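# predicted model and sequence below, questions to follow.
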Amino acid sequence: MSETSTKDLEKEILEKIQTCIRCRMCVKMCPTYEGWFTQSSAGRLAAINLRLRYDLGDDEELSRLLYDCATCRRCQERCKMFSTNATPTDIILKTRQWLANKEKERRET
Ligand code: SF4
Ligand code: SF4
């Protein structure tokens, strides 16, 4: 995957993430949530935002958080119930793709 497509993905993720209104209504119903915010959908979005927008954290930690997601889409259904346009599961999946692209580019250089 080219540098441009990784950058395009990054732009798309950062645009989509702004649709999350941070209501946290998805936190406790996330099946992977065991008390830590980052084990929830809203927490995963916050971690993505910190990594992509502010270059905080690292790819390995973000990858662990995102691959712990069961992709059940319950959070995304919850967003719809509250009439937000947020698509957290799609954002998580896109960010997995972004991480995979970066890793591929790293191996090729
Ligand atoms: S992902 Fe949806 S339900 Fe969760 S905090 Fe964002 S807007 Fe609210
Ligand atoms: S799709 Fe992932 S983040 Fe969303 S509720 Fe399911 S496990 Fe949690």
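Nice, I can see it. Ligands and ions are numbered 1, 2, ... in the order given.

# can you pull the buried residues of the lowest-mean-pLDDT helix or strand in the chain?
One helix or strand of the chain scores below all others by mean pLDDT, DSSP states H and E: helix 3-17, with a mean of 90. For helix 3-17, burial by neighbour count (16 or more other Cβ atoms under 10 Å) applies to 6, 9-10, 13, 16-17. Bear in mind the C-beta positions are built from the backbone N, C-alpha and C, glycine included.

# how distant is that helix from the center of its chain?
Distance, stretch centre to chain centre, for helix 3-17: 12 Å (Cα atoms, centre = their mean, to the nearest Å).

# over to stretch 23-41?
13 Å.

# now do the same for the residue most central in space within the chain: its pLDDT.
The residue lying closest to the centre of the chain (Cα atoms, centre = their mean) is residue 92, at 3.4 Å. Turning to residue 92, the model gives it a pLDDT of 98.
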